[in-house]
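what's the 3D shape of this:
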Amino acid sequence: MKLTVPITLTATNSEKRTISGRVLTWGEQGNTSAGLTSFIQDSIKPKAVKLNLEHDVTRPIGRVVEMVSTPEGLDATFKIAETTAGTDALIEAASGLRDGFSVGVKVDEWSNEDGVLVIKQGEMAEVSLVTNPAIKSAMVSDVAATENSESESKESEAENPTTTKPEGDEVETTPTVPEASAETVEAASQNVQATTRPVFFTKPRSPIVNMGSWVEHSIKAQLNPNSDSALYVRAATDDLGTTNVGFNPTRQLNEVINGLSNATRGNIDAISRGTLPDAGLQFQIPKITAVATVAEVAESGAVSNTGITSEYLDVTISRFAGRNILTTEIIERSSPDFFNELVSIMGSAMALAQTTAVGAALLAGATADGTPTANTAAGLLGFTSRSNAAIYASTQRFARSLIVSPDQWSNIMGYNNSGQPLFNAYQPSNQTGLVTGQSQIGLVAGLNFFVDNSGEITGTGDGSMVVVEPNSYTWYESGNYRLDVNKPSDGTVEISLNSYGAIATKIAAGARKFNFT
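Model prediction:
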């Protein structure tokens, strides 16, 4: 159970940047949805907690510097941070805009005594400065004078407790404080505003004095765009090239040069795709091994029976994983752009591992073309036409894809007829296909053209080109990759990328590979 208890804010001191008040009153009864509620003496122990705004734990403005348990209750003093939000809170408290306290308590032990919920043990969770306390008397009663004042106002003491009912299982008990005069509050408000202007009311006094401090605050500004460092950096940027020409730092662009990896998967794009089952490290696919036949039957003739037979194809699921070990310093001090590039590079490595596995399966299952062929335009067309016919005979389906090595890609772009290219430009008298140096896909002799970048289909010799009927080979994978972060005891951080996939060779004869002469 968590109880929220509004209390009295008795004083603020803008010079010391403190706010004080009664946190909790023993024996006070508050009306909640569970009935009357009260706290026995010392049921809540003093605790160093933060002072938040409106019970929002992401908006702390101060912390406890003193919390004392008295026979009457808990009294606390909070030190307000020297931030814009903290300064605004002091001004708002003094001017009556946000001048109430509310305390959150986690209750561990309680009893029901004659209809009253009596809290016997609990823990202070947080204290908040709020705009609308449960009762009107939970207000700032006095504002201590700053060093520019001629005298200091006295702190008011809380008296005459009253109760009110909030929503849910919340109890609110508040001692009433005599209301300060309008003149006192107005004068105090003006005094606080005169001495505690919002931070960076004018151009900030920047701590950026050299290149090192500029880098330091630039990193902090990247991590938190709303921080004071962001203001410092903007102010320093205004001076660059004008009053501080020699302090003009070298700019670093967000783009990253990476000539070592990409996320293409030519081998996988050339075949069919499927989704992995939700569990297990192996699955089975039914495969027909004999089909029924139909024949012409003479009048009164017997009908032959040809039974359909089948078997199960076992497919093994493989795990693909890689990791990158970084130092804590890199993690904590790097720009967010670094992490985006890190994930991109690891994703490219994953794609390479997967397309490599598919390339190996294609070469292992494919049948070598029966006719040794040279690397010429005529040889290419001969290889593809023979492969088309052989694949149709074995699968009853048409071949759709041609996968080649990077070296064969170069050869095909160079094939020409008296200097006229055959495959890298369409011409009315020449429509054999389209292969360009700007894409790993194209069209050759009616087949979709793909370039293998895995290193499995290589060179210009045997196996450097493969014709495929896509449904004869299927790549199964899950829709998501899993990114894990682990921090061992040596001060490093391990980032690993994991996925599962499987290549099923359904009909091995659905692929034919080049046989070099």
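
domain parsing for the protein?
Annotated domains of the chain cover 2-195, 211-247, 311-513 [automatic domain parsing].

Can you add distance to A290, mean pLDDT and mean neighbour count and give these back as TSV?
(Glycine included, C-beta is placed from N, CA and C.) Converted to TSV, the domains of the chain look like this (distance: least, Cβ to Cβ, whole Å; pLDDT from 0 to 100; neighbours: other Cβ atoms under 10 Å):
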stretch	distance to A290	mean pLDDT	mean neighbour count
domain 2-195	68	66	18
domain 211-247	66	67	15
domain 311-513	10	87	17
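
what about stretch 433-445, start to end distance?
End-to-end distance for stretch 433-445, by Cα to Cα, to the nearest Å: 6 Å.

Just say helix, strand or coil for G280.
Secondary structure, DSSP: H, G, I helix; E, B strand; the rest coil: G280 is coil.

The nearest residue to it once chain neighbours are set aside and G274, how far apart?
Among residues not flanking G280 along the chain, I317 sits closest, at 7.1 Å (Cβ to Cβ, 6 or more residues apart in numbering). Per Cβ to Cβ, to the nearest Å, I317 is found 12 Å from G274.

Can you classify M67 by secondary structure?
Under three-state DSSP, M67 falls in the strand class.

any idea how far it lies from Y473?
According to Cβ to Cβ, M67 and Y473 sit 71 Å apart.

Next: G73.
77 Å.

Equivalent analysis for A302, please.
41 Å.

Same check on T384?
18 Å.

what does T505 give?
Counting by Cβ to Cβ, the gap from T505 to Y473 is 6 Å.

what residues do those two have in common as contacts?
Residues touching both T505 and Y473 (Cβ atoms under 8 Å, 6 or more residues apart in numbering) are 361, 365.

May I ask which helix or strand encompasses E296?
Using DSSP states H and E, E296 maps to neither a helix nor a strand.

Ramachandran angles for it?
phi -70, psi 130 (degrees, to the nearest 10).

what's the burial count for it?
E296 has 5 neighbouring residues, counting by other Cβ atoms under 10 Å.

pLDDT score for it?
Looking at E296, its pLDDT stands at 91.

One more: the one 5 residues further on?
What the model reports as pLDDT for G301 is 89.

Look at it and give its secondary structure.
Counting by three-state DSSP, the backbone at G301 sits in coil.

hey, where'd the helices end up in the stretch 401-517 of the chain?
406-414 (DSSP state H, counting those that start in this stretch).

Helices of the stretch 251-400 of the chain, start to end?
266-269, 328-333, 336-365, 377-395.

So which of these is nearest W110?
Closest to W110 of those is helix 328-333 (Cβ to Cβ; 43.7 Å).

on contacts alone, who are the packing partners of the closest one?
Here helix 328-333 touches strand 492-505, going by 3 or more Cβ pairs under 8 Å, 6 or more residues apart in numbering; DSSP states H and E.

Listing partners with orientation, what would you give for the strand it packs on?
For strand 492-505, the paired strands and their directions (DSSP bridges) read strand 318-327 (antiparallel), strand 473-477 (antiparallel), strand 482-486 (antiparallel).

CA atoms only: put the first one into PDB for me.
Included here for strand 318-327 are C-alpha records, laid out as PDB according to Å, rounded to 0.1, in the frame of the first residue of the first chain:
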ATOM      1  CA  SER A 318      21.200 -23.300 -36.800                       C
ATOM      2  CA  ARG A 319      22.000 -20.400 -34.500                       C
ATOM      3  CA  PHE A 320      23.900 -17.400 -35.900                       C
ATOM      4  CA  ALA A 321      25.600 -15.200 -33.300                       C
ATOM      5  CA  GLY A 322      28.400 -12.700 -33.000                       C
ATOM      6  CA  ARG A 323      29.600 -10.300 -30.300                       C
ATOM      7  CA  ASN A 324      31.600  -7.100 -29.900                       C
ATOM      8  CA  ILE A 325      33.500  -6.300 -26.700                       C
ATOM      9  CA  LEU A 326      33.700  -2.700 -25.800                       C
ATOM     10  CA  THR A 327      35.300  -0.900 -22.900                       C
END
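
which element is R59 on?
Residue-wise, R59 maps onto strand 56-69 under DSSP H and E.

strand partners of that strand, parallel vs antiparallel please.
Assessed with DSSP bridges, strand 56-69 is paired to strand 50-53 (antiparallel), strand 73-80 (antiparallel).

Tabulate the ones you listed (TSV), appending distance to A399.
Shown next, in TSV, are these (distance: least, Cβ to Cβ, whole Å):
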stretch	distance to A399
strand 50-53	68
strand 73-80	76
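
among the ones you listed, which is nearest A125?
Per Cβ to Cβ, nearest to A125 of the strands paired with strand 56-69: strand 50-53, 10.0 Å.

What is the distance between the closest one and the centre of its chain?
28 Å (Cα atoms, centre = their mean, to the nearest Å).

Would you mind listing the outside residues contacting that strand?
Taking Cβ under 8 Å, 6+ apart as the rule, strand 50-53 contacts 19, 57, 59-64, 78, 80, 85, 89, 98, 126-129.

Go again with 7 Å.
59-63, 78, 89, 126-129 (Cβ atoms under 7 Å, 6 or more residues apart in numbering).

Equivalent analysis for stretch 485-503, please.
For stretch 485-503, contacts defined as Cβ under 7 Å, 6+ apart pick out 276, 315-328, 331, 342, 346, 350, 354, 357-358, 361, 473, 475-478, 481-484.

Go ahead and confirm Y415 touches L422.
Yes. At 4.5 Å, Y415 counts as touching L422 under the criterion of Cβ atoms under 7 Å.

what touches both of the two?
A377.

What does the pLDDT read for S272?
Per-residue pLDDT puts S272 at 96.

Tell me, how many residues neighbour it?
Neighbour tally, S272, other Cβ under 10 Å: 17.

Without its sequence neighbours, what residue ends up closest to F338?
The nearest residue in space to F338 (Cβ to Cβ, 6+ apart) is I330, at 7.7 Å.
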